[in-house]
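Visitor: Please find the sequence and the predicted model below.
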Amino acid sequence: DLKGKRAIVTGSNSGIGLGVAEELARAGADVVLNSFTDNDADHALASDMSARFGVTVRYIRADLSKAEDARALVEQAGGCDILVNNAGIQHVAPVEDFPVEQWNRILAINLSSAFHTSAVALPGMRARGWGRIINIASAHGLTASPFKSAYVAAKHGVVGLTKTVALETAGQGITCNAICPGYVLTPLVEAQIPDTMKQYNMDRETVIREVMLLRQPSRQFATTEQIGGTAVWLSSPYADQVTGTTISVDGGWTAL
Ligand code: NAD
C-alpha cells in the first residue's frame, strides 16, 4: 500500500509513463504527471486519474531536455518518495549520419534528466529514510541494435547511473533500480502496425509476430500495466533489498 507516498513519473502523459502512474495511483500513491506540453488534455488526465483512484494527482509541465526544467520539476512537486525516470525519445540513423542535434537531445532527455531529477529528489528521501528511484531503461540498456547509437548509449548510461546511485544510497532505506522493457504495446507502437502491415502485405498478427517481435522470444508485447506492476513491486517492502540492478520485462529478449 503506497498511501501517503508521493510519486513523480516523468514523461507520463502517454505510454509506459502513464501506465506506471496509473498502477502507482491504483496502489494508493499520490502522483505527479509530467510532459513538455501544457494542454487541457494533460490536466484532464490528472483529474481523471485522481477521480478513479481517490488520490491526489497533479500535472506539472517540464521540458526534460533542459537541466533547469528537470530540477524545477522535483522542486515544484515538493520532492517525492518515488521517482520514476521514464521520459525518452528515439532517433534511428547510422553513426556517421547521426544528427548531432538528435544525439544531444537523446542524451539530455533519456539520460541526463534522470541525473538531474535524482540529484534534487535524494536529499528529501534521505531525510525521510525512505525512497525509490526507478529508471525506465530498455532491453537496449543491456544489448544493442544497429542505427540506435544515441538511444543504446543513453540507456546503457541509465543502467550505470542506476548502479552508482544504488551504491551511494545503500542501507539508507532508498533503492535505485532500472526496469528494462522489451517491446511494449504503447500508442506509439500501435500506430506503426497499419503501415507495417501495408509495407509487408501481412495481416496484423503476422506483422506483430514476424516483424515487430522478431527479437522477443515470447512473440508477445509487454504491456504498460506490467511495467507499472513491476514499479509497484519495486516500491513494496518485498523489494527492500533489491537495489542497483536491472529487471527485464522483455519476453526473453536478453536471454537470447
Ligand atoms: P511515448 O512516446 O508514449 O512516451 C514518452 C513520454 O515522454 C511521453 O509522455 C512524452 O510526452 C515524454 N517526453 C518526450 N520528450 C519529453 C521532454 N522533452 N520532456 C518531458 N517529457 C518528454 O513512449 P513510451 O514507449 O511510453 O516510452 C517511455 C519510456 O520507455 C522511454 O524512456 C522509452 O525509451 C522506454 N521504452 C519503451 C519501449 C517500448 O517498446 N515502447 C521499450 C523499452 C523502453
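Guide: Received the coordinates, thanks.
Visitor: For whichever helix in the chain runs longest, which outside residues touch it?
Guide: When the chain is scanned for its longest helix (criterion: DSSP state H), the result is helix 149-169. Residues from elsewhere that reach helix 149-169 (CB atoms under 8 Å, 6 or more residues apart in numbering): 85, 88, 90-91, 95, 98, 102-103, 106-107, 110-111, 114-115, 118, 122, 125-126, 131, 133, 135, 137-138, 140-142, 144-145, 175-178, 180, 243-246. Where you see a C-beta, it was placed from the backbone N, CA and C, and this is true even at glycine.
Visitor: Just the buried positions in that helix, please.
Guide: 149-159, 161-163, 165-166, 169 (16 or more other CB atoms under 10 Å).
Visitor: ok, Asn39 - how many residues close by?
Guide: When neighbours are counted by other CB atoms under 10 Å, Asn39 registers 12.
Visitor: try Leu111
Guide: Leu111 has 23 nearby residues by other CB under 10 Å.
Visitor: ok, so what distance separates it from Ala222?
Guide: Plainly put, Leu111 is 22 Å away from Ala222 if you go by CB to CB, to the nearest Å.
Visitor: Just the helices from the stretch 51-200 of the chain, written as ranges.
Guide: For the stretch 51-200 of the chain, the helices defined by DSSP state H, counting those that start in this stretch cover 67-77, 100-106, 113-128, 149-169, 187-190, 193-200.
Visitor: mind exporting the longest one as PDB, just the C-alpha atoms?
Guide: Same thing as helix 149-169. This file holds the C-alpha atoms of helix 149-169, laid out as PDB (Å, rounded to 0.1, in the frame of the first residue of the first chain):
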ATOM      1  CA  SER A 149      23.700   4.700 -31.200                       C
ATOM      2  CA  ALA A 150      22.300   7.500 -29.100                       C
ATOM      3  CA  TYR A 151      19.400   5.500 -27.600                       C
ATOM      4  CA  VAL A 152      21.600   2.500 -26.800                       C
ATOM      5  CA  ALA A 153      24.400   4.700 -25.300                       C
ATOM      6  CA  ALA A 154      21.900   6.700 -23.200                       C
ATOM      7  CA  LYS A 155      20.100   3.500 -22.000                       C
ATOM      8  CA  HIS A 156      23.400   1.800 -21.100                       C
ATOM      9  CA  GLY A 157      24.300   5.100 -19.300                       C
ATOM     10  CA  VAL A 158      21.000   4.900 -17.300                       C
ATOM     11  CA  VAL A 159      22.000   1.400 -16.100                       C
ATOM     12  CA  GLY A 160      25.300   2.800 -15.000                       C
ATOM     13  CA  LEU A 161      23.700   5.700 -13.200                       C
ATOM     14  CA  THR A 162      21.300   3.300 -11.500                       C
ATOM     15  CA  LYS A 163      24.200   1.200 -10.100                       C
ATOM     16  CA  THR A 164      26.000   4.300  -8.900                       C
ATOM     17  CA  VAL A 165      23.000   5.900  -7.100                       C
ATOM     18  CA  ALA A 166      22.300   2.500  -5.600                       C
ATOM     19  CA  LEU A 167      25.800   2.400  -4.000                       C
ATOM     20  CA  GLU A 168      25.500   5.900  -2.800                       C
ATOM     21  CA  THR A 169      22.200   5.200  -1.100                       C
END
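Visitor: distance between it and the chain's centre?
Guide: Mean-position distance between helix 149-169 and its chain equals 13 Å (CA atoms, centre = their mean, to the nearest Å).
Visitor: Compute the inter-axis angle for it and helix 113-128.
Guide: 10 degrees (axes from the mean of the first three to the mean of the last three CA atoms, to 10 degrees).
Visitor: quick revisit: what I need now is the helices of the stretch 51-200 of the chain written out in a markdown table, including distance to the ligand and mean pLDDT for each item.
Guide: A markdown table is the format used below for these (distance: least, CB to the nearest ligand atom, whole Å; pLDDT from 0 to 100):
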| stretch | distance to the ligand | mean pLDDT |
| --- | --- | --- |
| helix 67-77 | 7 | 98 |
| helix 100-106 | 8 | 98 |
| helix 113-128 | 7 | 99 |
| helix 149-169 | 7 | 98 |
| helix 187-190 | 5 | 88 |
| helix 193-200 | 13 | 93 |
